[in-house]
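Asker: quick one: sequence and predicted model below, then my questions.
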Amino acid sequence: MPDAPAPERTDPAAPRIFQTGQPAGVPPLELTGERTLPDVPEENYWYRRHLVVYEWIRARVGGLSVVDMACGEGYGSAVLARTAADVVGVDANLEAFEHARAKYSGPRVRFVRTLIDLFDEPRDAVVFLQTIEHVTNPGEILERFKALVAGSAAPAVYVSTPNVLTLAPEGREHSGNPWHVREYRAGEFRALCEEHFASVELYGLFHAGKLAAHQVALERLGWDRIHAGLGITEAFYARFNPAISERDFALRTGSDDELAGALDFLAVCRP
């Protein structure tokens, strides 16, 4: 993470970065900015920012059948499988699918390569994190998810997306990420979900722990000028970034105004 919470990785001139330390027979994935990856030191901020939401959901899907839509590298599906009865990770990308299947398949987790709107296995819970901003038909996708959980005694659809107000440069309506079709404010995201579900609880993800302290240092103490002036930027962040953990983020609910400064939104939707 640089001087402030890191922007998405979209610079085509940046050097190519791959996962390190993968198990035998598991090809490392390249960090492209399309999906977050574990086992990439430079990506630790984003990985932990996503992982904390998976862990939060994991604690709420015990004993349930779950589908992790657009599961990418597969780490989130493996997290959910720690408590869920079984988890299906769904992704259309061949490289990500082969990697996830080789690395994480087990007694309670399996992977299917297909489009998210073609998967038709009934589930108790659908998890769809940091992907709805990538699709052109979000309403149709949400209706599809609602149908998948319709027969469950405890149906739930978990959907997260970044907050355009903290992701995009000030005054702009889009972050510039080439994979994002639409980015949302709290009220816009809540309204989208409420169009398709009877019950929607909206949470915001915020910095906590050392990241909250770092944010205060940036905004009030001019830390970006201080470390640059002392010539310690590279050395500081080489230690700071790898030390970021899930404890440095917190989910909390609130009104749209109270969530305006959130990093990401998580909607818990029920039919």
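Answerer: That came through, no problem.
Asker: could you use CA atoms for every contact and neighbour count after this?
Answerer: OK.
Asker: where does the residue nearest the centre of the chain land in three-state SS?
Answerer: Centroid check for the chain by C-alpha atoms, centre = their mean gives residue 50 as the closest residue, at 3.8 Å. Following DSSP: H, G, I helix; E, B strand; the rest coil, the label given to residue 50 is helix.
Asker: residue contacts, it?
Answerer: Residues in contact with residue 50 (C-alpha atoms under 8 Å, 6 or more residues apart in numbering) are residue 36.
Asker: begin at 36, not 1, for the rest of this chat.
Answerer: With the count now opening at 36, the last piece we talked about shows up as residue 85.
Asker: from residue 188, how far out is it?
Answerer: 28 Å (C-alpha to C-alpha, to the nearest Å).
Asker: surely residue 300 is in a strand?
Answerer: Yes. According to three-state DSSP, residue 300 belongs to a strand.
Asker: can you give me the helices for the stretch 36-185 of the chain?
Answerer: Here the stretch 36-185 of the chain has its helices, by DSSP state H, counting those that start in this stretch, at 79-93, 110-115, 129-139, 173-183.
Asker: which one of those is the most hemmed in?
Answerer: Of all these, helix 110-115 has the most neighbours on average by mean count of other C-alpha atoms under 10 Å, namely a mean of 24.
Asker: for it, what is the distance to the chain centroid?
Answerer: Relative to its chain's centre, helix 110-115 lies at 12 Å (C-alpha atoms, centre = their mean, to the nearest Å).
Asker: cool, and stretch 137-147?
Answerer: 20 Å.
Asker: what residues does that stretch touch?
Answerer: Residues from elsewhere that reach stretch 137-147 (C-alpha under 8 Å, 6+ apart): 58, 60-61, 109-110, 112-113, 116, 119-126, 132, 135-136.
Asker: may I have the distance across it, first residue to last?
Answerer: Stretch 137-147 has its terminal residues 12 Å apart, counting by C-alpha to C-alpha.
Asker: mean confidence score for that stretch?
Answerer: The pLDDT scores in stretch 137-147 average 97.
Asker: buried ones in that stretch?
Answerer: For stretch 137-147, a neighbour-count test (16 or more other C-alpha atoms under 10 Å) marks 137, 138, 139, 140, 143, 144, 145, 146, 147 as buried.
Asker: tell me how far the second one lies from residue 62.
Answerer: Counting by C-alpha to C-alpha, the gap from residue 138 to residue 62 is 9 Å.
Asker: and for residue 181?
Answerer: For residue 181 relative to residue 62 (C-alpha to C-alpha), the value is 35 Å.
Asker: got it, and residue 104?
Answerer: From residue 104 to residue 62 the distance is 22 Å (C-alpha to C-alpha).
Asker: okay, those two: which has more neighbours?
Answerer: Neighbour tally, residue 104 and residue 62, criterion other C-alpha atoms under 10 Å: the higher count belongs to residue 104, 25 against 18.
Asker: what sits against the more buried one?
Answerer: 124, 125, 126, 151, 161, 162, 163, 164 are the contacts of residue 104 under C-alpha under 8 Å, 6+ apart.
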